[in-house]
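Enquirer: how would this look folded up:
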Amino acid sequence: MHFKHPEILYFLFLLIVPILVHLFQLRRFKKEHFTNVRFLKALSIQTRKSSKIKKWLLLTCRLLLLTCIILAFAQPFFDSKDSKNATNELYIILDNSFSMQAKGKKGELLKRAIQELLEETPENVNFSLLTNSENYWNTDIKSVRSSLQNLKYSAAPFQLDNTMAKIKAHKSDFKKDIVIITDAVGLDEKQLKNSDATDSPQFIIPKAEQKNNVSIDSVFINKTLDNFYEISVQLSGYGEDFNPIPISLYNDNKLIAKTIVALEPKKKSLNFTIPKQVFHGYVSIVDNGLSYDNTLYFSISKTKKTNVISIGEPEKSNFLSRIYTNEEFNFNNYTLGSLDYNKLEEQNAIILNELDEIPQALQTTLKSFVEKGGNLIVIPSAVASVPNMNSFLMNFGNLKFNALDNKEKLIIKINFNHPIFNTVFENKVTNFQYPKTKNSFGLSSSSPAALSYEDQSIFLTSLANSVAAVYVFSAPINTVNSNFQQSPLIVPTFYKMAMNNQNNGINALIIGNNNPHLTDASLNKDDILTVKGSEEQFIPIQQILNNKVKIIFNDYPEQAGNYSIYNKKEWLENISFNYNRTESNLATANENILSDYKTTESITSFFDTLQTDRTDNQIWKWFVIFTLLFLISEIAIIRFVK
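Expert: Numbering: from 1, shown residues only. Okay, here's the model as predicted:
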């Protein structure tokens, strides 16, 4: 037993006072003479004995009463079961990612967790609250009540390792209690590495009752006709036994198409035909699962031609004119001697087609061209100087030409994950008519190959910066050296290389994806572009590049939707933002990896356990009760004992 105020125990010396009073009291019995005391003798002896017993009972009661009063003021207590952690700081990690929209027994998981926090967190408990999007340090439930009630779902997925790193960076002299409220969707062992066992992390895992969910994954232009676009909507179903799903297409909030789709198989592609004009709308579905992935916003800008220049001999560039047709491209071919350098900045893509040598002035211009968002395609000449080519390519990254190899090779491997081909093929093609080259340079590059030879060496690779790319072939592709021009691969390859970062297709950006966006605009140095939506507007990070503006959005906007880019009051471009679909599959809730961690059923049980294990057993109240009992006993003895 311990005492909160042990110094009060010195007052126990006062117990000697009633003892002294009892032993040295001045009252004595007086002799009284009666005519006949023979009958009172027995009564006198009995009275003396009763009086002595009464005095000892009163002394005992008074000693115990005084002792209990002193002990009560000293406030005795017994140590709690977990008293060594009583000073721990409490950190609550609340997952507010979109998967917490799932419905449990008592409603949406996040809303129910917030309600329990508001109802069950003691008002005298200080804690720090961390969500995917907000941090509240050293606060209490009264201070964060309004913030919790207005907490929105975050576009950022739940990353436990990042949140734990924030807690560790928050320096403190005390140990930490960490309670993590998450549905465990997407949680993996890597994220748990930053969890320190000495910080006693505990998990509360709210569980979804309904795990079926349908998501709109993407929208893209499947076909471009004379006056129409055929757009394809990709749907994914997660779970079993789906009912038919209604799907609607809107342009400027006006319904233009509606149908019902059955998810058999679970990956479904649905096509709509729309007029070939500016589009600024969305496609939506209605299901009983998560709501955040039921709408996908997208924009289609006014079709504009892409400017492409080929520098090389005309007879070697004829195949390019058949790829870059007048319907979509402004294509021109120039020899090195007839090239107008002033036109290079106006291009979207430049092709160096088998130049024997690249002049220094052209190298400098092309370096600036790529830095400002232009795409460069390099087809080497068989007689090109390797040192001259390597000196030029050093401007763009780690890529090096080696000696020419006079060996015929087959091009047999397509990297379907490469940006050139990642949206070209519906299925991975492994058996096709392999093109070949007779002579080729060796290529050393840190970047992955887009097309490879049978010996795994590189035929086509790329060096990308944030706004453009440099594509490099390892061999001449003229008809003498190669039959690549007759291969079906040549059209999508050159088309995608020229169209890289061009806004001629569907515009549907992902919030949090920091890939830059290029907007066609000629701005003054003091001009600032603003992105505006119906409920939100912001100024993104931007950089002027000739007649384009490089824009980086970071984590903005906060809400998915259709937006527009303005230069002051001048409209420049429509743009659309969507949430990442990483939370759509509720079956990825991984509770098994938490077997080595302590789990708690609810917020209520967590605080109850904390209260029970960390609160000292105060027993001073019992001594107050005993004091009252002894006081009553003393009164009873005085009144009833004769």
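
Enquirer: drop to CA atoms for contacts and neighbour counts, all remaining ones
Expert: Noted.

Enquirer: distance of Pro570 from Leu523?
Expert: Heads up, residue 570 is Glu, not Pro. 12 Å (CA to CA, to the nearest Å).

Enquirer: oh sorry, the question was meant for Leu629
Expert: Counting by CA to CA, the gap from Leu629 to Leu523 is 90 Å.

Enquirer: so Glu327, which state does it fall into?
Expert: coil (DSSP: H, G, I helix; E, B strand; the rest coil).

Enquirer: repeat for Arg639
Expert: helix.

Enquirer: how does the chain divide into domains?
Expert: 2-79+619-640, 88-208+600-615, 213-302, 306-499, 508-574 (automatic domain parsing).

Enquirer: okay, helices next: where are they in the stretch 251-400 of the chain?
Expert: 318-323, 360-371, 386-393 (DSSP state H, counting those that start in this stretch).

Enquirer: TSV for these, including distance to Leu94 and mean pLDDT?
Expert: Listed next are the helices of the stretch 251-400 of the chain as TSV, based on distance: least, CA to CA, whole Å; pLDDT from 0 to 100:
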stretch	distance to Leu94	mean pLDDT
helix 318-323	53	91
helix 360-371	42	91
helix 386-393	49	91
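
Enquirer: out of those, the one nearest Cys61 is which?
Expert: helix 360-371 (96.1 Å; CA to CA).

Enquirer: now the closest one and helix 386-393, what's the angle there?
Expert: 40 degrees (axes from the mean of the first three to the mean of the last three CA atoms, to 10 degrees).

Enquirer: next, the buried residues of helix 360-371.
Expert: By 16 or more other CA atoms under 10 Å, the buried positions in helix 360-371 come out as 366-367, 369-371.

Enquirer: how far off centre is that helix?
Expert: 39 Å (CA atoms, centre = their mean, to the nearest Å).

Enquirer: please apply the same query to stretch 560-572.
Expert: Taking mean C-alpha positions (CA atoms, centre = their mean), stretch 560-572 and its chain are 27 Å apart.

Enquirer: what ranges do the helices span in this structure?
Expert: 16-23, 41-74, 109-120, 141-149, 160-169, 189-192, 318-323, 360-371, 386-393, 490-499, 603-614, 620-640 (DSSP state H).

Enquirer: which stretch in the ones you listed has the least confidence?
Expert: Of all the helices of the chain, the minimum mean pLDDT falls on helix 603-614 (a mean of 70).

Enquirer: what is the end-to-end distance of stretch 310-325?
Expert: 14 Å.

Enquirer: quick one: buried residues of it?
Expert: 310-312, 317, 320, 323-324.

Enquirer: same check, this time on stretch 148-161
Expert: Buried, per 16+ other CA under 10 Å, within stretch 148-161: 148, 151, 153-161.

Enquirer: then stretch 333-340?
Expert: 333, 336, 339.

Enquirer: including pLDDT and distance to Gly104, could the residues you listed go into CSV?
Expert: As requested, the buried residues of stretch 333-340 are exported to CSV (pLDDT from 0 to 100; distance: CA to CA, whole Å):
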residue, pLDDT, distance to Gly104
Asn333, 93, 64
Leu336, 89, 69
Leu339, 89, 68
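
Enquirer: out of those residues, list just those in strands.
Expert: Of the buried residues of stretch 333-340, the ones assigned to strands by DSSP state E are Asn333.
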